[in-house]
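Peer 1: using only what follows, build the 3D model:
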Amino acid sequence: MQHFPVFMAVKGRRIVVSGGGDAALAKLRLLLKTEARIEVYATEAAPEIEAWAAEGKLALLRRHIEASDLMGAVLAYGADEEDLLDARLSALAAETRVPHNIVDSLEDSAFITPAIVDRDPVVVAIGTEGAAPVLARSIKAELEARLPSSLGLLTRVGKSFRQAAERLPMGRRRRDFWADYYGSVGPQAHAKGGEEAVAPALAQLLADHLAEVPKRGHVDFVGAGPGDPELLTVRARRALDAADVVIHDRLVTPAILDLARREALIVDAGKEGFGPATPQAEIDALIVRHAKKGRHVVRLKAGDPTVFGRLDEEIEAVEAAGVSFAIVPGITAASAAVAAIGQSLTKRGRNSSVRLLTGHDVQGFADHDWKALARPGEVAAIYMGKKSARFVQGRLLMHGADPSTPVTVVENASRADQRVIVMLLSDMEPKMTEACIDGPALTFIGLAPREAQVIARNIVQEAVS
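Peer 2: Prediction:
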């Protein structure tokens, strides 16, 4: 280790910066997050630095830095972006024994500034000894995504309760209290009621722990997205990290289940259209049973739980049991599938609305406005429509749809084995059957992959010419 990481006390102390250009601007954005007194020495300064000086956020001295300016400073930055001026700052800092950093010059610096994840008062510093700054930024981005933006607030509120928490016996009971606060109660309170809800929730949690009230359960209804783990939301990742029990449906991929913590109980409550299925009432009871035992339950649904996920039935069961819950949206299959074919669900001049239909229950299709769906330019996305393809085809043609209407089926959207099958409404069947689709599939009526549209346009232009 060539550089020893420390956190230096800078409140009310001077940090000097030599330079007024882009390099100085980048450092000042970071330094202004501290409670230090910032002094900038520059003959010319960027407009942002001028504005900060006018607002009193820093002192701007329109000249080159001198040795006397460094006296009493805790840190000095050389950001002139000129070799002679940077060398001069380095010599002056050595003369006055002030730790200095020359921007983008590891060899000429007495210290380096790490990549920082700021959740004040929680600060994470990442350094690579200057060997791989891109890697440091990548790690920073990963941590930024994993650490909630509310962490700083939760920490500040928690700090105000430290003395009160000393009423709990030191050891496991006190550790469990703080684990419950940071792991579930605090984030849930902030998500539901914002900053004002956190302190009351912490006070209630402390009262419960002092009275040894059994831990309260909670349910997160989480969208697992279309299958690619990289399309999970940050909040979904956090829920999986915190879950005691994960109850998932059949379409959630193993790669996403692997993100749950190792101690979590993983329960398959899958349903399969026209095949084996766990009755909904059993799923409802399972969710409630685990939550009533004080567990953090994640009900993990492929796509978005609010789209054809029978979410309302499960929420009603949870509410009836007096269990708290939250909904974590996910990327629905229609969004992932339309991205796979390079299209958008709506387009000015083509369609101002899109219909999301389920083919799982063909009995309901008779109630749809098939005449409207058959109009040129209309777009519909049909979930779970493999078994009802012939029914849909017949209804649309019966109501006047153009047989040459494009139909696109995207199987396993976003996954490594994704497949795009292109056809016309006139041959939707038998092509759907011939395709032997095994994975989850979404059918677009009225959309073709962008590449297919380009080919069709070229054929028309060649015919005209």
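
Peer 1: let me see the domain layout of this structure.
Peer 2: 14-113, 148-213, 215-331, 337-456 (automatic domain parsing).

Peer 1: helix, strand, or coil at T306?
Peer 2: coil (DSSP: H, G, I helix; E, B strand; the rest coil).

Peer 1: ok, R62 - contacts?
Peer 2: R62 makes contact with 42-43, 45, according to C-beta atoms under 8 Å, 6 or more residues apart in numbering. From N, CA and C alone the C-beta is placed, and that goes for glycine too.

Peer 1: before we move on, what about L442?
Peer 2: L442 neighbours (C-beta under 8 Å, 6+ apart): 333-334, 337, 381-383, 385, 409-410, 413.

Peer 1: follow-up on the earlier one: wait, which of the domains of the chain is closest to D120?
Peer 2: Closest to D120 of the domains of the chain, according to C-beta to C-beta: domain 148-213, at 4.8 Å.

Peer 1: tell me how far the ends of that closest one are from each other?
Peer 2: 28 Å (C-alpha to C-alpha, to the nearest Å).

Peer 1: where does this structure dip in pLDDT?
Peer 2: 271-276, 360-367, 451-465 (pLDDT under 70).

Peer 1: mind checking the SS state of the closest residue to V420 other than its chain neighbours?
Peer 2: In space, and not counting its chain neighbours, V420 is closest to V410: 5.5 Å by C-beta to C-beta, 6 or more residues apart in numbering. At V410 the chain is in strand, as set by three-state DSSP.

Peer 1: wait, A333 sits on F308?
Peer 2: No - the criterion here is C-beta atoms under 8 Å, and A333 misses it with F308 at 9.2 Å.

Peer 1: what touches both of these two?
Peer 2: Joint contacts of A333 and F308 (C-beta under 8 Å, 6+ apart) are Y383.

Peer 1: more neighbours: which of those two?
Peer 2: Counted by other C-beta atoms under 10 Å, A333 and F308 do not tie: A333 has more neighbours, with 28 against 18.

Peer 1: show the contacting residues for that one.
Peer 2: Taking C-beta under 8 Å, 6+ apart, we find A333 in contact with 226, 302-303, 307, 381, 383, 413, 440, 442.

Peer 1: of these, which pair is most distant in space?
Peer 2: Greatest spatial distance among those (C-beta to C-beta): A302 and A381, at 15.0 Å.

Peer 1: re earlier: go through the domains of the chain and name the closest to A136.
Peer 2: domain 14-113 (10.2 Å).

Peer 1: just the endpoints, please. Distance across the closest one?
Peer 2: End-to-end distance (C-alpha to C-alpha), domain 14-113: 17 Å.

Peer 1: check stretch 427-441 too.
Peer 2: Span of stretch 427-441 from end to end, C-alpha to C-alpha: 18 Å.

Peer 1: roughly how far out does that stretch sit from the chain middle?
Peer 2: 34 Å (C-alpha atoms, centre = their mean, to the nearest Å).

Peer 1: for that stretch, give me every contacting residue.
Peer 2: So stretch 427-441 is in contact with 227, 251, 302, 333, 384-386, 389-390, 392-393, 407, 409-413, 415, 417, 419, 421, 423, going by C-beta under 8 Å, 6+ apart.

Peer 1: what pairs with the residue nearest to V420 across the strands?
Peer 2: V420, L442 (DSSP bridges).

Peer 1: need the contact list for it.
Peer 2: 336-337, 340-341, 418-421, 441-442, 444.

Peer 1: now do I116
Peer 2: 30, 123-126, 140.

Peer 1: now the residue most central in space within the chain. Nearest residue, chain neighbours left out?
Peer 2: In the chain, the centroid-proximal residue (C-alpha atoms, centre = their mean) is V234; its distance is 2.9 Å. The shortest distance from V234 to any non-neighbouring residue, by C-beta to C-beta, 6+ apart, is to A145 (5.0 Å).

Peer 1: list of residues touching the strand or helix carrying that neighbour?
Peer 2: In the assignment (DSSP states H and E), A145 maps to helix 133-146. Identification of contacts with helix 133-146 by C-beta under 8 Å, 6+ apart yields 114-117, 124, 126-128, 234, 237-238.
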